[in-house]
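Asks: Here is my input; please provide its structure:
(2 chains)
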Amino acid sequence: MTTWDRLLDLDRRWIFLGIALAVVIPIVTKYALPQGKPAPPTVAVYDYIDDLKPGDVVMIAFDYSPSSMPELQPQALAVVRHLFERDLRVLSVSLNPQGTALGREVLATIGDELGAVDGVDYVHLGFKPGGSQVILGMGESIEVVYPTTADGRKISGLPIMAGVRNYDDVALLIDFAAGNLPFAWIAYAGERYKQDIACGITAVMATDLYPYLQSDQIIGLINGLKGAAEYEYLMGLDPTEAPGMLGMSAQSIAHLLIIVLVIAGNIAYFASGRHRRR
Amino acid sequence: MKLQVPLLITFLAGVFMAVQFFVPHELGQTAFGELLNWGRIVAAFALVLGIQSLLRTHVEKIRRRRRDWPYSTVAIASFVMMVVIGIGFGSDRGSGFDWVFTHVQVPLDATMFSLLAFFIASAAFRTFRARSTEATLLLVAAVVVMLGRVPGSLIVVFGHSGAGEWLHTNMPDVSEWIMNFPSVAGKRGIIFGVALGSIATALRIMLGIERSHLGGGSGGGGDE
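Replies: Numbers count the residues shown, from 1 in each chain, chains lettered A, B, ... in the order given. Predicted coordinates:
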C-alpha cells in the first residue's frame, strides 16, 4: 500500500479531530482574524437601516430554530443593536414556534443593555401558526392577527403601536430565517403589499436568495456567519467579543482545513492511480 | 355530493383568490380578509393534527414493542412535560418552560446540527473528486466560493504578504461574482420551472383534475 493509498484510506476520526481542533482553538483563544471587506448585500442592509428616521418602525421575523442559531443569532443581535441605537421602533414576530423564544432573548438582551423599554421601543408579538396566512393578514391589520403580545398584553394600548396598523406603517421588514419562509415574505408582504424586505439567512440558502436580491425584491441580504461578522464590523464592535467575528475565525480555519482535505484527497486520488481503476 | 361539493368550494375559492389579487374593490378585500381569518383558524387545527399524529405514532411503537421503542417513551414523556410546564406555569422569559428550552432544547438541537460539520468534512475528503470536466468546474467554483466566504483564512496561509493581502481583498469579489452571475443564472431557470409547475398544479387542483388533497388516493385521475 503506497503513501497515497494510506492517505485515501485515512481513518475519518482523524478528520473529526482536525475539525474539532479547528473550531475549538480559535474560539477558546479568541483568535481574531482580519475581516474581509463587507459584501455589498450586507452593506445595503446596514445603509438602509442607517438612513431610517428615529421612530420609524422595523418588523423582525425570527423564523429559525436552535439548529441555525450559530449563524443567525449573531446576525439578529447585531441588527437589533443597530435598530435600538438608531432609536427605531421594533416589532417582532415569529412563524417558527422555536424562533419566538430565541427572538425574545435577542430583544431582551440587547434591550436591557441599551435601555430599550418593552412596549415603548420594542414589542415581541410571538408565534402564530399559518405561515403565509399570517403574513397576508398583517398586510390588512397587524392587530387582527396579533391582538395580544407574546406575554398576553393587548397591543392596542401599547405606546409602540401608535400609528401602526399594517405594512404601510412599517419601514422595513427583516426576516431571519433558515428555511422557506423568506420566499413567503417576499411573495406576500413584498409583492402584494410592497413591503421593503431584507433577509438574514444561513449560508446554504444564499444561492436561493440571490435572484431576489438582483431583481430588487429584497433590499439586502445578510449571508450566514460571514454576514453577521460583516455587520458587526460595520457597527465597529470588538472582534474578540462579537460572536459573529469570533465565530468567523473558527469557520475560517475549519473551511481552510476542508479545502486542504479536498485538494489532498484529489492529489492522492490521481497519484495513487485510482482514477484509472474506475 | 361528497366529491362535488369540496371540488366546487376549491374551484370557487381558487378563482376568487386569483381574481381579487387584480381587483382592489372594497368588497373583495373584505372577503379576502375574512378568508385569511378562516385560513389561520384552519392552520391552527394543523397543530392539533400534528400532536395527534405524534402521539399515535409513538404510542403504537411502544404498544408493539418496535425497534428502539424506549425512545418513544422519552418522546412522549418530554412532550407531556413541556405541555404541563408551559400551560401550568407559563412560557415567559425566566419561566420553567423557558429554562428547559434554553438549557435542553437549544443545546440538543445545535449539537445535532453541528455534527454535520464533521460529516461534511469527511465526505468532502472522500468523494469530492475532479472525475470529469463538470466535476472539476464544480470543485474549482466551490473552492473559490469557500475561500471568498472566509478571506481571513488566506492571511493564515499567505500571511500579510502582497499576495496574501491581494487575495484577502479580492477573493470575496470573485466569490460574489460567481454567486451573482453563473449561480443566479442557473437558479433563475430553476425558479421559472418551479413557478410554471406551481401554476400548473394550482390549475389542476382548481379544475378538479388533481384530487389528492381530498384524501383516499394519489389523485390525478378523476376516476372516482
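
Asks: Please enumerate the helices of the chain.
Replies: All of this is about chain A. Along chain A, counting by DSSP state H, helices occupy A:3-8, A:12-29, A:40-50, A:69-85, A:99-114, A:132-140, A:142-145, A:181-184, A:193, A:206-214, A:224-235, A:243-271.

Asks: Please refer instead to chain B.
Replies: B:4-22, B:26-63, B:69-89, B:96-100, B:106-127, B:133-149, B:152-158, B:162-180, B:182-206.

Asks: which stretch in those helices is the model least sure about?
Replies: Between these, the one with the least mean pLDDT is helix B:152-158; it has a mean of 83.

Asks: what residues go with each domain of chain B?
Replies: B:1-67, B:128-210 (automatic domain parsing).

Asks: count of neighbours near A:Val80?
Replies: The number of residues packed around A:Val80, counting by other Cβ atoms under 10 Å in any protein chain shown, is 26. For every residue, glycine as well, the C-beta is placed using N, CA and C.

Asks: how much space between it and chain B?
Replies: For A:Val80, the distance to chain B equals 15 Å [Cβ to the nearest Cβ, to the nearest Å].

Asks: Would you check that that residue makes contact with A:Phe62?
Replies: No: counting by Cβ atoms under 8 Å, A:Val80 stays clear of A:Phe62, with 10.1 Å between them.

Asks: shared neighbours of those two, anything?
Replies: A:Val106 (Cβ atoms under 8 Å, 6 or more residues apart in numbering or on different chains).

Asks: OK, contacts around the residue positioned nearest the centre of chain B?
Replies: By Cα atoms, centre = their mean, the mean C-alpha position of chain B lies nearest to B:Phe113, the distance being 14.7 Å. Residues in contact with B:Phe113 (Cβ under 8 Å, 6+ apart) are A:Ser67, A:Ser68.

Asks: Recalculate using a threshold of 10 Å.
Replies: Contact analysis of B:Phe113 by Cβ atoms under 10 Å, 6 or more residues apart in numbering or on different chains lists A:Ser65, A:Pro66, A:Ser67, A:Ser68, A:Met69, A:Pro70, A:Glu71, A:Ala178.

Asks: out of those residues, which is most surrounded?
Replies: Greatest neighbour count in the contacts of B:Phe113, by other Cβ under 10 Å, goes to A:Glu71: 28 neighbours.

Asks: Would you mind stating the distance between it and A:Pro147?
Replies: As for A:Glu71, its distance to A:Pro147 is 33 Å (criterion: Cβ to Cβ, to the nearest Å).

Asks: Then A:Leu173?
Replies: 20 Å.

Asks: Serialize the helices of chain A to CSV and add fields for distance to A:Asp168 and mean pLDDT.
Replies: Listed next are those as CSV, based on distance: least, Cβ to Cβ, whole Å; pLDDT from 0 to 100:
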stretch, distance to A:Asp168, mean pLDDT
helix A:3-8, 61, 87
helix A:12-29, 44, 93
helix A:40-50, 18, 96
helix A:69-85, 20, 96
helix A:99-114, 23, 94
helix A:132-140, 9, 90
helix A:142-145, 10, 93
helix A:181-184, 19, 94
helix A:193, 8, 92
helix A:206-214, 22, 93
helix A:224-235, 27, 95
helix A:243-271, 33, 91
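
Asks: Nearest spatial neighbour of B:Ala135, chain-adjacent residues omitted?
Replies: B:Arg129 (6.5 Å; Cβ to Cβ, 6 or more residues apart in numbering or on different chains).

Asks: still on that earlier bit, please say which of A:Leu173 and A:Pro147 ends up with more neighbours.
Replies: Taking other Cβ under 10 Å, A:Leu173 and A:Pro147 do not tie; A:Leu173 has more neighbours (27 against 12).

Asks: tally of neighbours for A:Val45?
Replies: 26.

Asks: so who does it touch?
Replies: In this structure, A:Val45 makes contact with A:75, A:79, A:82, A:172, A:174, A:198-200, A:218-222, A:227, A:230-231, A:234, judged by Cβ under 10 Å, 6+ apart.

Asks: try B:Phe22
Replies: Taking Cβ under 10 Å, 6+ apart as the test, what B:Phe22 contacts is B:Gly28.

Asks: gap between it and chain A?
Replies: In terms of Cβ to the nearest Cβ, B:Phe22 sits 11 Å off from chain A.

Asks: Now do the contacts for B:Ala200.
Replies: So B:Ala200 contacts B:Ile209, B:Glu210 (Cβ under 10 Å, 6+ apart).

Asks: how close does it get to chain A?
Replies: Distance of B:Ala200 to chain A, computed by Cβ to the nearest Cβ: 17 Å.

Asks: Tell me, how many residues neighbour the residue nearest to B:Phe16 when sequence neighbours are not counted?
Replies: In space, and not counting its chain neighbours, B:Phe16 is closest to B:Ala31: 7.2 Å by Cβ to Cβ, 6+ apart. Residues near B:Ala31, counting by other Cβ under 10 Å, number 14.

Asks: Same check on A:Ile201?
Replies: Quick note: A:Ile201 (other Cβ under 10 Å) scores 27 neighbours.

Asks: what bridges to it?
Replies: Beta-bridge partners of A:Ile201, counted by DSSP bridges, are A:Ala177, A:Asn223.

Asks: Test my guess that it contacts A:Ala76.
Replies: No: counting by Cβ atoms under 10 Å, A:Ile201 does not reach A:Ala76; the two are 11.7 Å apart.

Asks: any residues in contact with both of those two?
Replies: By Cβ under 10 Å, 6+ apart, the residues touching both A:Ile201 and A:Ala76 are A:Tyr64, A:Phe176, A:Ile222.

Asks: which among those residues end up buried?
Replies: The neighbour-count test (16 or more other Cβ atoms under 10 Å in any protein chain shown) applied to the shared contacts of A:Ile201 and A:Ala76 identifies A:Tyr64, A:Phe176, A:Ile222 as buried.

Asks: picking up where we left off before, let's have the domains of chain B in TSV, adding distance to A:Val57.
Replies: Shown next, in TSV, are the domains of chain B (distance: least, Cβ to Cβ, whole Å):
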stretch	distance to A:Val57
domain B:1-67	21
domain B:128-210	31
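
Asks: quick revisit: closest one to A:Trp14 out of the contacts of B:Phe113, please.
Replies: A:Pro70 (24.1 Å; Cβ to Cβ).

Asks: May I ask you to confirm that that closest one is in contact with A:Pro243?
Replies: Yes: counting by Cβ under 10 Å, A:Pro70 touches A:Pro243, with 8.4 Å between them.

Asks: Give me the common contacts of the two.
Replies: By Cβ under 10 Å, 6+ apart, A:Pro70 and A:Pro243 have these common neighbours: A:Leu225, A:Ala228.

Asks: ok, the closest residue to A:Met138 other than its chain neighbours - contacts?
Replies: Excluding the flanking residues, the one nearest A:Met138 by Cβ to Cβ, 6+ apart is A:Val145, at 5.2 Å. Counting by Cβ under 10 Å, 6+ apart, A:Val145 makes contact with A:93, A:125, A:128, A:130, A:133-139, A:166, B:36-37, B:40.

Asks: cool, A:Leu52 as well?
Replies: A:Val58, A:Leu83, A:Arg86, A:Asp87, A:Leu88, A:Ala171, A:Leu172.
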